[in-house]
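> return a 3D structure for these sequence lines:
(4 chains)
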Number of protein chains: 2
Amino acid sequence: MSKSVSNPTMKDVAREAGVALGTVSKVINGIPVGDSYRIRVEEAIQKLNYRVNTYAKGLKNNKTYTIAVLVPNLINPFFAKLSYYLNIALAANGYQMLLYSTDYNPQLEQTYIIMAEQKKVDGIICLSYNPNLEISDGVSFVSIDRHFGSYPCVSSDNYGGGRLAAQKLYENGCRNLAFVRIGSKLTSEPNKRKDGFISECELLGIPYTLKIVDDEAPYSEFDDFLHENYHDGRLAFDGIFCVTDTLAYQIICYLQKMGLRVPEDVQVIGFDGTQHLGNLDLVCSTIVQPVEELAKACVNLVLSQDASYASSLICLPTTYAYGGTTLA
Amino acid sequence: MSKSVSNPTMKDVAREAGVALGTVSKVINGIPVGDSYRIRVEEAIQKLNYRVNTYAKGLKNNKTYTIAVLVPNLINPFFAKLSYYLNIALAANGYQMLLYSTDYNPQLEQTYIIMAEQKKVDGIICLSYNPNLEISDGVSFVSIDRHFGSYPCVSSDNYGGGRLAAQKLYENGCRNLAFVRIGSKLTSEPNKRKDGFISECELLGIPYTLKIVDDEAPYSEFDDFLHENYHDGRLAFDGIFCVTDTLAYQIICYLQKMGLRVPEDVQVIGFDGTQHLGNLDLVCSTIVQPVEELAKACVNLVLSQDASYASSLICLPTTYAYGGTTLA
DNA sequence: TTGTATGCGTTATCAT
DNA sequence: ATGATAACGCATACAA
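Below you'll find the predicted structure:
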């Protein structure tokens, strides 16, 4: 009985305005109706504070104007920033965002994919390292940073970024480099940071050392690594490329504890472009991922059901930014 | 025709299994049916890769298992962390999260509220400073940090946090304090940080200075403020309480540029408990907001339609954490 | 131009 | 225990 009070429907609006159901629908969807009708309907909508029920609408249209976004978490500033720009890019296109935080848990990822499909989202944007994700046919799916079956993938130019890092260290006078990463063995786009780095080192003809530790290993392994390469007050390297800014931050702490000065004794470059507290200084000199453009690319892809993008890899250019841990 | 291929419905499952529609529904909802039936239905579901359409379900049940979350952005680590824990707390209750980033734009906030209502979410959790937000009757609404009409509000114990800051500075030997904030004039819970601070200073009988600058003012006003209180190589204060960690970070930069040592010459306390890069060291000594508990409280409130919580204010205790910018 | 009737996928109320 | 059917709120093809 009080149904009409708590949740007015189109029927209530029609009754209030004294018109037929179809007329109300037309007014709502901007289909021309007689002015006097339109005004009466609009007044009734105001009066009842009517809101269209997007569930009923979606049921009819098979369109929900909702995109699911799966990220590992929102604690990592890169994921947070990405989610933020995804939200904005989606909103600009009239879409809303269902956010799922997966904590890198493959089972959870699969669960969320299914939930999203059940919600009949118009597409899924997903940052996952899980190679076995199952996505139902016909779902518009875009992957970030990991190439997935026949789905399009958006990523920074990690290879180019790796080269750029080596090049910048070289330009700043480094002649003996190290690359450090904590690393998933899964093939994913960020792995190419190493490849690009190596390629550039060899092009430049300078020696380099790699230190890649297991996903589960403690950070202290890096401390050990540094000490192993520290003799007579000098580090074996004069430049270190870290696979992320977070790692760079750690490495810098270790270096400072060893009494080494950054950048005077060792220069350090990270990757991501992370800023302190979200919008202040850079954490370190870094290869910046174009997060806003990544987000836009994802949204464009997921919304354009253009099959010609299937299997394609969209690589966006990275840039170098000085953040105090290199000479320039 | 190929409808059944792209998006199988319960009807398709029923046909495939050779049972009636109602039987399928029962299997899906765990209502007991004959074993042989259940198995046939389950097989058909597998075979067709059937997914319930939550829109149709929501239409029937008036329940969507979706909560809308409105935050200003995900760039600020506090908001990001809050959203993260909200997501987790919601998931733990079987709810999904529609995230809206408002950029402090009141018009956008209102638009998103309406969108959320149209999506027939089961509730809204909102961090907004907009005093004029309109929420439809019957919508479960929880506010964070700002008390709103007759809706429940969840917040840290900002008053207690302010007192705690003054107290800790005093314990560490400070005898002349300053409070700085960049501040909305809107009444909101965080304003109580100042009140608590003042109250504690007066209790302790120590002098204090307030510097509250306009929302729109540049940060450099703080630099000016510091210089105005800097004479003969000494700052007038020996302890500064900053309304957020972000501001504390800035203040510390200014102090260091002036050649002052933190914490030897001046001690600084922030508010929030922000960590560098999301999960590493604290930015500064700080009053920590219990973000995870805040999130849980919001979720409990928004899900429990208990009217007795109307207008109530849930204040969660803050704690002090040493972060290197105080003596202890 | 306006009103009526049907169906979207699901659940729940009935008979069977 | 199972199967047929109405209803949820909306859009649309069609009739008036």
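
> which bits of chain A sit near DNA strand C?
A:19-23, A:26, A:32-34, A:36-37, A:56, A:59-60 (C-beta under 7 Å from any atom of the strand). Placement of C-beta: from N, CA and C, glycine included.

> mind putting those into TSV with neighbour count, secondary structure and pLDDT?
Output for these, formatted as TSV (neighbours: other C-beta atoms under 10 Å in any protein chain shown; DSSP: H, G, I helix; E, B strand; the rest coil; pLDDT from 0 to 100):
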residue	neighbour count	secondary structure	pLDDT
A:Val19	21	coil	92
A:Ala20	11	coil	90
A:Leu21	13	helix	90
A:Gly22	12	helix	90
A:Thr23	21	helix	92
A:Lys26	17	helix	92
A:Pro32	8	coil	87
A:Val33	18	coil	88
A:Gly34	10	coil	89
A:Ser36	9	helix	91
A:Tyr37	17	helix	90
A:Ala56	16	helix	90
A:Leu59	17	helix	87
A:Lys60	9	helix	87
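
> any chance of these in JSON lines, with distance to A:Ser188 too?
Below are the residues of chain A next to DNA strand C laid out as JSON lines (distance: C-beta to C-beta, whole Å):
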{"residue": "A:Val19", "distance to A:Ser188": "57"}
{"residue": "A:Ala20", "distance to A:Ser188": "56"}
{"residue": "A:Leu21", "distance to A:Ser188": "52"}
{"residue": "A:Gly22", "distance to A:Ser188": "52"}
{"residue": "A:Thr23", "distance to A:Ser188": "54"}
{"residue": "A:Lys26", "distance to A:Ser188": "50"}
{"residue": "A:Pro32", "distance to A:Ser188": "52"}
{"residue": "A:Val33", "distance to A:Ser188": "54"}
{"residue": "A:Gly34", "distance to A:Ser188": "59"}
{"residue": "A:Ser36", "distance to A:Ser188": "61"}
{"residue": "A:Tyr37", "distance to A:Ser188": "57"}
{"residue": "A:Ala56", "distance to A:Ser188": "41"}
{"residue": "A:Leu59", "distance to A:Ser188": "38"}
{"residue": "A:Lys60", "distance to A:Ser188": "40"}
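
> tell me the two of those that are most distant?
The largest separation in the residues of chain A next to DNA strand C, counting by C-beta to C-beta, is between A:Ser36 and A:Leu59 at 31.3 Å.

> top helix in chain A by residue count?
helix A:77-92 (DSSP state H).

> and that helix, average pLDDT?
Across helix A:77-92, the average pLDDT comes to 97.

> touching chain B at all, that helix?
Yes - counting by C-beta under 8 Å from any C-beta of the partner chain, chain B has neighbours in helix A:77-92: A:Pro77, A:Ala80, A:Lys81, A:Ser83, A:Tyr84, A:Asn87, A:Ile88, A:Ala91.

> quick one, helices of the stretch 51-200 of chain A?
Secondary structure of the stretch 51-200 of chain A by DSSP state H, counting those that start in this stretch: the helices cover A:54-61, A:77-92, A:106-118, A:158-171, A:192-204.

> now those in TSV, with distance to B:Tyr151?
Compiled in TSV, the helices of the stretch 51-200 of chain A are given as follows (distance: least, C-beta to C-beta, whole Å):
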stretch	distance to B:Tyr151
helix A:54-61	23
helix A:77-92	24
helix A:106-118	28
helix A:158-171	46
helix A:192-204	48
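
> starting at the chain centroid, how far to the longest helix of chain A?
Offset of helix A:77-92 from its chain centre (C-alpha atoms, centre = their mean, to the nearest Å): 7 Å.

> and the angle from it to helix B:106-118?
80 degrees (axes from the mean of the first three to the mean of the last three C-alpha atoms, to 10 degrees).

> so what touches helix A:77-92?
A:67, A:69, A:71-74, A:96-97, A:99, A:125, A:127, A:144, A:244, A:272, A:274-275, A:278, A:289, A:291-292, A:294-296, A:298-299, B:73-75, B:77, B:80, B:99-101, B:277-278 (C-beta atoms under 8 Å, 6 or more residues apart in numbering or on different chains).

> how about the residues of chain A near DNA strand D?
Residues of chain A lying near DNA strand D (C-beta under 7 Å from any atom of the strand): A:3, A:7, A:9-11, A:21-22, A:25-26, A:28-29, A:52-53, A:56-57, A:59-61.

> farthest pair in the residues of helix A:77-92 next to chain B?
A:Pro77 and A:Ala91 (21.0 Å).

> which one's more surrounded, those two?
Comparing A:Pro77 with A:Ala91 by other C-beta atoms under 10 Å in any protein chain shown, the one with more neighbours is A:Pro77, at 26 against 19.

> show me which of the residues of helix A:77-92 next to chain B is closest to A:Asp265.
A:Pro77 (27.5 Å).

> wait, doesn't A:Lys211 sit right on A:Glu228?
No - if you go by C-beta atoms under 8 Å, A:Lys211 and A:Glu228 don't touch, sitting 9.4 Å apart.

> between those two, which is the more surrounded one?
Between A:Lys211 and A:Glu228, counted using other C-beta under 10 Å, A:Lys211 has the larger neighbour count: 18 against 10.

> gap between the more buried one and DNA strand D?
Separation of A:Lys211 from DNA strand D (C-beta to the nearest atom of the strand, to the nearest Å) stands at 58 Å.

> tell me the contacts of that residue?
A:Ala178, A:Phe179, A:Val180, A:Arg181, A:Phe222, A:Phe225.

> same check on A:Leu127?
A:Leu70, A:Val71, A:Pro72, A:Phe79, A:Leu82, A:Ser143, A:Ile144, A:Asp145, A:Arg146.

> return the member of the residues you listed nearest to DNA strand C.
DNA strand C has its nearest neighbour among the contacts of A:Leu127 in A:Leu70, at 22.3 Å by C-beta to the nearest atom of the strand.

> A:Asp214: neighbour count?
There are 11 residues near A:Asp214, going by other C-beta under 10 Å.

> beta-bridge partners for it, please?
A:Gly183 (DSSP bridges).

> now do the strand or helix carrying A:Thr209, average pLDDT.
Element membership of A:Thr209, judged by DSSP states H and E, is strand A:208-214. The average pLDDT within strand A:208-214 is 94.

> what's the helix or strand following that strand in contact with?
As assigned by DSSP H and E, the chain's next helix or strand after strand A:208-214 is helix A:220-228. Here helix A:220-228 makes contact (C-beta under 8 Å, 6+ apart) with A:Val180, A:Lys211, A:Val213, A:Leu235, A:Leu247, A:Gln250, A:Ile251, A:Tyr254, A:Leu255, A:Met258.

> for those, which one is nearest A:Gln305?
Closest to A:Gln305, out of all of these and judged by C-beta to C-beta, is A:Leu247, at 38.1 Å.

> just to revisit the earlier point, just give me the closest of the contacts of A:Leu127 to DNA strand D.
Taking the contacts of A:Leu127 together and measuring to DNA strand D by C-beta to the nearest atom of the strand, the closest member is A:Leu70, at 28.7 Å.

> what's the least confident stretch among the helices of the stretch 51-200 of chain A?
Minimum mean pLDDT among the helices of the stretch 51-200 of chain A: helix A:54-61, a mean of 88.

> just how off-centre is that one within its chain?
With C-alpha atoms, centre = their mean, you get 29 Å for helix A:54-61.

> which secondary structure elements does it contact?
helix B:54-61 (3 or more C-beta pairs under 8 Å, 6 or more residues apart in numbering or on different chains; DSSP states H and E).

> and the closest residue to A:Thr318 other than its chain neighbours, how far is that from DNA strand D?
Nearest non-adjacent residue to A:Thr318, counting by C-beta to C-beta, 6 or more residues apart in numbering or on different chains: A:Gly161, 3.9 Å away. Taking C-beta to the nearest atom of the strand as the measure, A:Gly161 falls 46 Å from DNA strand D.

> check contacts around A:Gly161.
A:Arg193, A:Gly196, A:Phe271, A:Ile287, A:Gln289, A:Thr318.
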